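**Q** sequence below, structure please.
(chains A and B)
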Amino acid sequence: MATTNPISGQTSTAENAAANLLVMATAMPAEQLDGVLANLSEAFSADSLIVATQNEQPPSAPTTLRVITAPRSNATWMLRPGDFVHAYEIAREHDVRAVVMLGPNANSLSPLALRALAEAVLNASTDLAMPHYTLPPNTGFINSAILYPLTRALFAARVRFPLALDLALSMRMAERLAAAARRIGASSDDDTILWPVNEAVAAGFTVDEIDAGPRAVPQPAGIDVNAILALITGSLFGDIEAKAAAWQRPRRPPLMRRTSPDMLPAGSTADVARMVEAFRLANANLQEIWSLVLPPHSLVMLKRFSVVEPSAFRLPENLWARIVFDFLIAYRLRTINRGHLMGALIPLYLGWLASHINVTAAGTAAERHIEAVASAFELDKPYLVARWRWPDRFNA
Amino acid sequence: MQSVVQNLLPPSRTAAQIPAYVDEGSIWHHMSDALHQSLYRVLTLLIAVLPGILAFFVALLVFTVTGVVVSWVLRRCLGWLKFDQRLARKSGTDWTPSSSPTEIVARFSFWACVLLGLIIGVSAFDTSYATGTPLPISLLPYLTHAVGAALLLVAGILIARFLARSVLISAVNAQLQYARILSLGVKWLVLVLTAAMVLDHLQVGGDIVELAFGILFGGIVLTLALAVGLGSRDLVSRSLESHVEHSGERLHLPENDSPATKSIRHF
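**A** Numbers count the residues shown, from 1 in each chain, chains lettered A, B, ... in the order given. Predicted structure coming up:
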């Protein structure tokens, strides 16, 4: 855990100017950092911000920007808890008013998006500004299937990308996240994930979503869908378990403020056939494990859908919401080993994905279907709360 | 009767030398003696062991009652000190297990007292048994082996179930058609190993168990190999073919294909 001054060196053109904003850029290839610096110099006036980078001192940095070096973390595809600790310490050191954190591939963000993120926390009374990316239709399915609907239903935060790679923080939010990061072990090298939206809602801070346009999303290297789903979903389930007192309070979900552009169908028939095959195989072999987690009604429904042709395969939104909630309950109750639980969820997720591809191929806009899924989660929240409080077996 | 006994005896021995064996009353007398001695031995044993058994139950009862009292006092004290709230404030997170910290501390203290009572009771019983009885009992030492064997059995069953589930889920997610066979094979391998260890611990069977274990273990491995390699040849072929087909479909996609047919990115 870093408690000393993490700044190891700095170059400056305006050493004594008071900056309002700290931009913390995680480690990234030099050409990406050059792009980020160019966009920042276009978006902000030079004396209004300090850029802390985890890269070595870039030789080609615009001379108008104050660039300092921050301690390096091993963030390759998402922000790490250590990044929040370092960002807060540097921000406090330089007495700035807000922090913008940029993840890998942030050079694909436009100057406009960078400015909008910063202004949300500098000028408005927002504590956490989350970007709303416009991603390609074949990207971010774990987010669409689980992260977004769960976060929206439980924390009443309509943030489309709860695990965004970039975000803007007020100082009190940065302090809160740094404290949370320290608590969960900021210095550890394992894949610990911090959930800023959940933290903000639990603290009663304001959260806003900012249109950020297209962005290149880095993919985790060397791990497949099985590992990534278990990692991310397990982490979110753990965070939900830790904040049970916060999300069980009744909250009114915020109104939808923007409509996402309609996207093309997300996958091919070959993808669907493969996913449905995986789902069928699991349905034939994992009944013993699923029956420990899912109620009989869900099992019957799954069995019924498993015999449908791949092209006609559909998983109703309410059934998917119920499945995720039942897995969340089983995670909390430790009904079976948590590693096994996450493993047993994978074929069901693939089933949802096949269904989503079929639905979008039939003409429904992808975002509309994802919104329908999220609404199903919201509607079924009372079931989750009831079973969370009185977790007897399948009482609904 | 007398003539029959005489016929059975060797000719060198005279009837005068064996009057006790031919007397009907004497047989009953000896049988009665044997029974009395046996009864005496058992009663002596029970009398020797009874104080130990009583001491065991008294120790267990006393410490259980003590545990109840201690846990009640702890609950009241920790509740008065607002231990749960202080702990939550200090750790900064909501308490996640289903029981509160106070409840856990109280339960821990109760079970610690019960365990202490058990240890003291067993110790008292052991002392009374060792010093009080002059007679050897083969059953009691065997019971300790039986307890160890039962623990081995429980651990083996748990490990077998855990490994079977791990293999099943991993194999299903790897889309192996013979996932269930693999899982069952692993489960029975561990169960057979456990059974052999249990029997060995109980000192039952001796070499037969080792031999039977070797045959069974080897048999299961051979069965698995045959099932996957020969018996499930069609399944394996189909699985491999479908894998190749899927790979082939992706490989043969035109380069300027629509975004819909690009590979799926889950994150």
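**Q** and residue 167, what is it in contact with?
**A** If you meant another chain, say so; for now it's chain A. Residues near residue A:167 by C-beta atoms under 8 Å, 6 or more residues apart in numbering or on different chains: A:79, A:100-101, A:117, A:128-131, A:196. Yep, even glycine has a C-beta here, placed from its N, CA and C like the rest.
**Q** please refer instead to chain B.
**A** B:179, B:182-183, B:186.
**Q** likewise residue B:201?
**A** B:145, B:148-149, B:152.
**Q** can you do 10 Å?
**A** By C-beta atoms under 10 Å, 6 or more residues apart in numbering or on different chains, the contact set of residue B:201 is B:145-146, B:148-153.
**Q** between which two of these is the distance greatest?
**A** The most widely separated members of the contacts of residue B:201 are B:145 and B:153, with 12.4 Å between them, by C-beta to C-beta.
**Q** need the residues touching each of the two.
**A** Joint contacts of residue B:145 and residue B:153 (C-beta under 10 Å, 6+ apart) are B:198, B:201.
**Q** show me where the stretch 1-150 of chain A has strands.
**A** With DSSP state E, counting those that start in this stretch, the ranges of strands along the stretch 1-150 of chain A come out as A:10-11, A:21-25, A:49-53, A:66-69, A:98-102, A:128-134.
**Q** OK, now which residue of chain A is nearest to chain B?
**A** residue A:343 (3.8 Å; C-beta to the nearest C-beta).
**Q** and that residue, how many neighbours does it have?
**A** Per other C-beta atoms under 10 Å in any protein chain shown, the neighbour tally for residue A:343 reads 24.
**Q** same thing with residue B:172?
**A** If we define neighbours as other C-beta under 10 Å, then residue B:172 has 26 of them.
**Q** could I get the contacting residues of it?
**A** Shown in contact with residue B:172 (C-beta under 10 Å, 6+ apart): A:278, A:281-286, A:289, A:343-344, A:346-347, B:179-180, B:182-183.
**Q** chain neighbours aside, what residue packs nearest to the residue of chain B found nearest chain A?
**A** Relative to chain A, the nearest point of chain B is residue B:169 (3.8 Å; C-beta to the nearest C-beta). Once flanking residues are discounted, residue B:169 sits nearest to residue A:343: 3.8 Å by C-beta to C-beta, 6 or more residues apart in numbering or on different chains.
**Q** and the lengthiest helix in chain A, what does it pack against?
**A** When chain A is parsed with DSSP state H, its longest helix is helix A:338-361. In terms of contacts (3 or more C-beta pairs under 10 Å, 6 or more residues apart in numbering or on different chains; DSSP states H and E), helix A:338-361 is packed against helix A:141-142, helix A:225-242, helix A:269-285, helix A:287-293, helix A:296-306, helix A:317-333, helix A:366-379, helix B:139-173.
**Q** low-confidence ranges, the chain, go.
**A** If you meant another chain, say so; for now it's chain A. A:1-18, A:57-63, A:74-75, A:185-191, A:222-223, A:254-270, A:392-396 (pLDDT under 70).
**Q** not quite, go with chain B.
**A** Residues of chain B that meet the cut-off, pLDDT under 70, sit at B:1-24, B:88-99, B:128-141, B:143, B:230-263.
**Q** please enumerate the helices of it.
**A** For chain B, helices defined by DSSP H occupy the ranges B:2-8, B:19-22, B:24-80, B:83-91, B:101-132, B:139-173, B:179-202, B:207-226, B:233-251.
**Q** for those helices, give me CSV that also has distance to residue A:385.
**A** Shown next, in CSV, are these (distance: least, C-beta to C-beta, whole Å):
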stretch, distance to residue A:385
helix B:2-8, 90
helix B:19-22, 88
helix B:24-80, 26
helix B:83-91, 20
helix B:101-132, 22
helix B:139-173, 29
helix B:179-202, 36
helix B:207-226, 46
helix B:233-251, 41
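**Q** closest one to residue A:310 among the ones you listed?
**A** Closest of those to residue A:310 is helix B:233-251, at 12.5 Å (criterion: C-beta to C-beta).
**Q** how long is stretch A:176-193 end to end?
**A** 15 Å (C-alpha to C-alpha, to the nearest Å).
**Q** and stretch B:109-126, what's buried?
**A** B:109-110, B:113-114, B:117, B:120-121, B:124-125 (16 or more other C-beta atoms under 10 Å in any protein chain shown).
**Q** wait, stretch A:380-389
**A** A:380-381, A:383-385, A:387-388.
**Q** do stretch A:90-109 as well
**A** So for stretch A:90-109, counting by 16+ other C-beta under 10 Å, buried means A:90-91, A:94, A:96, A:98-109.
**Q** from those residues, which two are the most distant?
**A** Applying C-beta to C-beta across the buried residues of stretch A:90-109, the maximum distance is between A:94 and A:108, 26.8 Å.
**Q** is residue A:212 in a helix, a strand, or coil?
**A** strand (DSSP: H, G, I helix; E, B strand; the rest coil).
**Q** ok, now which ones touch it?
**A** Residue A:212 neighbours (C-beta under 10 Å, 6+ apart): A:108-110, A:112-114, A:116-117, A:129-134, A:161, A:164-166.
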